[in-house]
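A.B. asks: The amino acid sequence is not available; the structure is as follows:
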């Protein structure tokens, strides 16, 4: 069976915490939930898989592609939604869309603006003025 995610011996060490020798396989079509206490390493694992933090590992393959040699290609194919957007609070959705269109070669600006309209998100309003609900609108 093909794996959507394959991790072999991933380790990330911090001064006071170590995520040690994590290995797992997630077959295509399956859903994985990470459950654990605060500080147990859930975010560290996700950030390591995305190469946001540098971890040591023997292998990480996402959608059949090797993270070490095909990181850009992988990131064009996946989407990750964090609790916080990490966009500057003074940015507008319109500016963010233009910025992302320069990053993602398959970016569809019309679809993006259609989603803004669908969720009643003002394209020229600064993120800092958005309510909590406006910040977490998502497609179901």
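C.D. replies: Looks like it arrived, so ask away. Everything numeric in this text was worked out from a predicted model, so none of it was measured. Numbers count the residues shown, from 1 in each chain.

A.B. asks: where does this structure dip in pLDDT?
C.D. replies: 84-85, 136-140 (pLDDT under 70).

A.B. asks: Spatially nearest residue to the residue nearest the centre of the chain, not counting backbone neighbours?
C.D. replies: For the chain, residue 80 is the residue whose C-alpha lies nearest the centre (C-alpha atoms, centre = their mean; 2.5 Å). Counting by C-beta to C-beta, 6 or more residues apart in numbering, residue 50 is the residue found nearest to residue 80 once chain neighbours are left out, at 6.4 Å. Using the backbone N, CA and C atoms, a C-beta is placed for each residue, glycine as well.

A.B. asks: For residue 120, see how far away that neighbour is.
C.D. replies: Look at residue 50 and residue 120: by C-beta to C-beta, to the nearest Å, they are 30 Å apart.

A.B. asks: between those two, who's got more neighbours?
C.D. replies: The residue with more neighbours, out of residue 50 and residue 120, is residue 50; 17 against 8, by other C-beta atoms under 10 Å.

A.B. asks: Let me know how buried residue 10 is, in neighbour terms.
C.D. replies: If you count neighbours by other C-beta under 10 Å, residue 10 ends up with 21.

A.B. asks: should've said residue 5
C.D. replies: There are 18 residues near residue 5, going by other C-beta under 10 Å.

A.B. asks: Surely it touches residue 49?
C.D. replies: Yes: under the criterion of C-beta atoms under 8 Å, residue 5 is in contact with residue 49, at a separation of 7.3 Å.

A.B. asks: Look up the residues that both of the two are in contact with.
C.D. replies: Counting by C-beta atoms under 8 Å, 6 or more residues apart in numbering, the shared contacts of residue 5 and residue 49 are residue 62.
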